[in-house]
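>>> Here is my input; please provide its structure:
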Amino acid sequence: MRLLARIKANGIVFMTLLAACSSHDADYNRVEVPEKEAAAQAAIEQAVAQNGAATTARTGVPIAKSTPNAARDRAFPTEFLGYWGAGDNDCELANTAATGRINIDADTIRFYESRARVQHIDRRSPQELAVDLRFSGEGPGVYAREVYRLDAGGTMLVRTSPTATQRYRRC
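You can find the predicted model right below:
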């Protein structure tokens, strides 16, 4: 008899918990997504719809063009920033003799023995820039126009200078 009373009491508690869990306020299919993440996902889906999944994966998602001003005309877009290495050992940041590593900051590119200051940037596409640079380091300042292009979904950088083309991978 005691066992039966205990089972009934536990059953009532269980049924009460079950009723509380199945209230009409619960929506298990609803997920809160921050506004910026939702906008980014929408941009990805639009790029895939327009260009296909393979092309979008290779070239990345185009970003909205910002309003031009003097500072933006001299600043690399976020996708280009960071360390890039021409060879395998160039991405080891402890390797101080990495001659093929470059670091792209907002308005400066640091090379092994020199640096280049951005004078102006023309954005040709979301993945390609024409950059006017003033080099310093060894000898007098030299001006040059180089093209920087992102490939392989932003994991590869192709730098075309007046004298050569160099490929880098993101470190």
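>>> Name the spans of this structure whose pLDDT lies under the cut-off.
Where the chain drops to pLDDT under 70, the residues are 1-31, 33, 36-38, 40, 55-56, 58-73, 138-139.
>>> Kindly provide the distance from A130 to E35.
Distance, A130 to E35, using Cβ to Cβ, to the nearest Å: 33 Å. (C-beta placed from N, C-alpha, C; glycine too.)
>>> which of those two has more neighbours?
A130 (15 against 7; other Cβ atoms under 10 Å).
>>> Could you find the closest non-adjacent residue to the more buried one?
Closest residue to A130 apart from its sequence neighbours, by Cβ to Cβ, 6 or more residues apart in numbering: D122 at 4.3 Å.
>>> List the first helix or strand encountered after the helix or strand in which that neighbour is found toward the C-terminus.
Using DSSP states H and E, D122 maps to strand 115-125. Proceeding C-terminally, strand 115-125 gives way to strand 128-137 as the next helix or strand, assigned by DSSP H and E.
>>> Could you list every helix and strand that that following strand packs against?
Using 3 or more Cβ pairs under 8 Å, 6 or more residues apart in numbering; DSSP states H and E, the elements in contact with strand 128-137 are strand 115-125, strand 139-151.
>>> Okay, buried residues for it please.
Using 16 or more other Cβ atoms under 10 Å as the test for burial, strand 128-137 gives E128, L129, V131, D132, L133, F135.
>>> Sheet-wise, list the partners of the strand holding D122 with their directions.
Note on strand 115-125: by DSSP bridges, its sheet partners are strand 108-110 (antiparallel), strand 128-137 (antiparallel).
>>> For E128, see how far away the residue nearest to A130 is.
Plainly put, D122 is 9 Å away from E128 if you go by Cβ to Cβ.
>>> Where do the domain boundaries of the protein fall?
The record's domain parsing of the chain by automatic domain parsing lists 34-63, 65-170.
>>> so which of those is the most packed in?
Burial of the domains of the chain is given as mean neighbour count (mean count of other Cβ atoms under 10 Å); domain 65-170 ranks first at a mean of 15.
>>> hang on, the earlier thing: can you check which of the strands paired with strand 115-125 gets nearest to R169?
In terms of Cβ to Cβ, the element of the strands paired with strand 115-125 nearest to R169 is strand 108-110, at 16.1 Å.
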